[in-house]
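Peer 1: only geometry, no sequence info:
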C-alpha cells in the first residue's frame, strides 16, 4: 500500500473536516444558537425538538462554511503562523478546490435547513457568511476595525436561536445580539494580545491601537463594562418577552465583575498570561450567562 493510500483514511478525512470547519468553534456557536432558541420557545414538544436539531445542523453548516472559506482565502498567510501552518490547506493535506466544494455544500445545506425553519433564520445565516468571508476576513490585514466588523456575524448566533423559535426579530432578539456583540471585543482583543507575535507574522491587525499597550487594555475594560450593562438589560422590563429575575440579575452582575476584574488585571499587568486568563474567563462568562438566562426562564 502506498504512503498516500495509507494517509487517506476515514480518520484523516474526519480530522481534516473538523479542522477545515473549526469544529470546536462551530460547536460553541451552535450552543449559543440553542441557548437563544430555548429562550424563545413557549413550549417544548416533538416539533420544537425537531426545529432544535435543524437549528444545530444548519448552524454548524453555516459556521463551518465560513471557516472553510476563511481558510481558503488566508491559506498563504496561515502558512506563516505557527498556530495555523498545520491546517489542512497550508499543510497540503487538502486542496483549495476540495475546501471550496466543502464550503459550498455546507453553505447550501445550511441555508436550506435554516429556510425550512423560517425565512428570517436563513437570511441571517446567509448574512453571517457574507460578512465573515467577504468583509471581516479581507479587513484583518488592513485595519483593527476588522474586529468591529467581525463582531456582527459573531453576534448573530445567540439572536438566531430566538428568531428560529419565534420567526420574529424584535427587541428580544436585538438584546441577545447586543450581549454577544459587546462580548466579542474583550474576547478577541485578549486573543489578539497573547497571539500578537504570531498574528504579526501573518500581517493581521487585531488590537484597537495596533499594540499591546494601556490604550488597548483600557478599551478592553470599556467594552467589558458595556457587556455587563447589556447583560442586565432584561431586568428592567424593556426587552419584551425576554426577562431576568432579580436573583439571576445578581448572579449575572457578579459574573460581570469577575470578568471586569480580569480586564483590569490585563490593564495593570499587560502580560500575555493576563490576556490568556481574560480569554478563558470570557469563554466561561458567555456560556454561564446563557445557562443562567435559560435556568431563569424555566425555573421562575
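Peer 2: Nice, thanks for sending it over. Everything quoted here is computed from the prediction, not taken from an experiment.
Peer 1: rest of the way, CA atoms for contacts and neighbours
Peer 2: Will do.
Peer 1: Name the spans of this structure whose pLDDT lies under the cut-off.
Peer 2: In the predicted model of the chain, residues 1-8 satisfy pLDDT under 70.
Peer 1: Who are the contact partners of the spatially most central residue of the chain?
Peer 2: The centroid of the chain falls nearest to residue 154 when counting by CA atoms, centre = their mean (4.5 Å). Residue 154 makes contact with 128, 180-181, 184, according to CA atoms under 8 Å, 6 or more residues apart in numbering.
Peer 1: how does it look with 10 Å?
Peer 2: 29, 63, 128, 131-132, 147-148, 177, 180-181, 183-184 (CA atoms under 10 Å, 6 or more residues apart in numbering).
Peer 1: do the same with residue 135
Peer 2: The contact partners of residue 135, taken as CA under 10 Å, 6+ apart, are 129, 146, 149-150.
Peer 1: so which strand or helix has the residue nearest to the centre of the chain?
Peer 2: Assigned by DSSP states H and E, residue 154 falls within helix 146-166.
Peer 1: buried stuff in that helix?
Peer 2: Residues of helix 146-166 classed as buried by neighbour count (16 or more other CA atoms under 10 Å): 146-166.
Peer 1: Helix or strand next in line after it, which one?
Peer 2: Moving toward the C-terminus from helix 146-166, the next helix or strand (DSSP H and E) is helix 171-194.
Peer 1: Which neighbouring elements make contact with that following helix?
Peer 2: Helix 171-194 sits against helix 23-40, helix 146-166, helix 196-202, helix 214-231, helix 246-269, helix 272-299, with contacts defined as 3 or more CA pairs under 10 Å, 6 or more residues apart in numbering; DSSP states H and E.
Peer 1: relative orientation of the second one and helix 171-194 in degrees?
Peer 2: If I follow you right, that is helix 146-166. Counting by axes from the mean of the first three to the mean of the last three CA atoms, to 10 degrees, helix 146-166 lies at 150 degrees to helix 171-194.
Peer 1: still on that earlier bit, can you tell me which of the contacts of residue 154 is closest to residue 104?
Peer 2: Nearest to residue 104 among the contacts of residue 154 is residue 63, at 12.0 Å by CA to CA.
Peer 1: show me what contacts the closest one?
Peer 2: Contacts for residue 63 (CA under 10 Å, 6+ apart) come out as 21-23, 25-27, 29-30, 103, 106-107, 110, 125, 128-129, 132, 153-154, 157.
Peer 1: quick one on the thing from earlier: buried among the contacts of residue 154? Need that as a selection in ChimeraX.
Peer 2: A single ChimeraX command is used to select the members of the contacts of residue 154 judged buried by 16+ other CA under 10 Å:
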select :29,63,128,131,132,147,148,177,180,181,183,184
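Peer 1: Mind picking the one among the contacts of residue 154 that's closest to residue 81?
Peer 2: Distance to residue 81, by CA to CA, is smallest for residue 147 among these, at 19.1 Å.
Peer 1: As TSV, the contacts of residue 154 with distance to residue 291 would be great.
Peer 2: Listed next are the contacts of residue 154 as TSV, based on distance: CA to CA, whole Å:
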residue	distance to residue 291
29	14
63	22
128	24
131	28
132	27
147	26
148	26
177	16
180	14
181	18
183	16
184	18
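Peer 1: Got the domain ranges for the protein?
Peer 2: Following automatic domain parsing, one gets these domains for the chain: 12-168, 170-300.
Peer 1: First-to-last residue distance for the longest one?
Peer 2: Pointing back at domain 12-168 there. 41 Å (CA to CA, to the nearest Å).
Peer 1: and the closest residue to residue 150 other than its chain neighbours, helix, strand or coil?
Peer 2: Counting by CA to CA, 6 or more residues apart in numbering, residue 150 lies nearest to residue 136, which is 5.2 Å off, once chain neighbours are set aside. Using DSSP: H, G, I helix; E, B strand; the rest coil, the structure places residue 136 in helix.
Peer 1: Please report how far residue 136 lies from residue 84.
Peer 2: Using CA to CA, we find residue 136 at a distance of 18 Å from residue 84.
Peer 1: which of these two has more neighbours?
Peer 2: Set residue 136 next to residue 84 and count neighbours by other CA atoms under 10 Å: residue 136 wins out with 23 against 19.
Peer 1: which residues touch the more buried one?
Peer 2: Residues in contact with residue 136 (CA under 10 Å, 6+ apart) are 70, 129-130, 143, 145-153.
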